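**Student:** Only the shape, not the letters, is given here:
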C-alpha cells in the first residue's frame, strides 16, 4: 500500500507555515555555537602573544595591545552568543506555540463537526 507523503506526515501541514521561524531559530543556534567555539581560538591567540613576550620575540606594548584586543573579542563573542541564544529560543518557542495553537484549533474544529452523541 502506497500512501501519499502528506498522509504519512499529517503534522507537516501544521509545521510548514512556521518553517521560516524554525529555520531562523536553527540559524541563530548555529551562530551561538560558532561564538562558543570561537572563544578558545581567541584564548589561544592571547596565550601565544604572552609566550612571544616571555621569549623576547615581541615588545611589551604589542603584547598588551594583543591582550586587550583578545579580551574585547571574548566579551564581543559572549554578547553575540547571548543574543543568538535569546533569538534562537524566541523563534523556536514562538513557532512551537503557534504550531500547538493550530493543532488545538484543528482538533476543536473537528470535534465540533461530530454528532452530539459522540
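**Tutor:** Perfect, I can see it now. Values in this document were obtained by computation on a predicted structure and should not be read as measured data.

**Student:** after the helix or strand of the chain with the lowest mean pLDDT, next one along is what?
**Tutor:** Least confident helix or strand of the chain, by mean pLDDT, DSSP states H and E, is helix 5-8 with a mean of 60. Counting by DSSP states H and E, the element after helix 5-8 in chain order, helix or strand, is helix 12-15.

**Student:** list the helices and strands that following helix packs on?
**Tutor:** When contacts are defined as 3 or more C-beta pairs under 8 Å, 6 or more residues apart in numbering; DSSP states H and E, helix 12-15 sits against helix 60-113. (Glycine included, C-beta is placed from N, CA and C.)

**Student:** What is the helix it packs on packed up against?
**Tutor:** helix 12-15, helix 19-54.

**Student:** Can you tell me which of the ones you listed is nearest to residue 101?
**Tutor:** The closest of the helices and strands packed on helix 60-113 to residue 101 is helix 12-15. By C-beta to C-beta, the value is 9.7 Å.

**Student:** Report the contact partners of residue 49.
**Tutor:** Residues in contact with residue 49 (C-beta atoms under 8 Å, 6 or more residues apart in numbering) are 58, 62-63, 66-67, 70.

**Student:** Now with 6 Å, please.
**Tutor:** Counting by C-beta atoms under 6 Å, 6 or more residues apart in numbering, residue 49 touches 63, 66.

**Student:** Relative to residue 73, how far out is it?
**Tutor:** Distance, residue 49 to residue 73, using C-beta to C-beta, to the nearest Å: 12 Å.

**Student:** same thing with residue 65?
**Tutor:** Applying C-beta to C-beta, the value for residue 65 to residue 73 is 13 Å.

**Student:** Which one of those two is surrounded by more residues?
**Tutor:** Each of residue 65 and residue 73 has its neighbours counted (other C-beta atoms under 10 Å); residue 73 has more, 17 against 13.

**Student:** The more buried one against residue 42, yeah?
**Tutor:** Yes: the criterion here is C-beta atoms under 6 Å, and residue 73 meets it with residue 42 at 4.7 Å.
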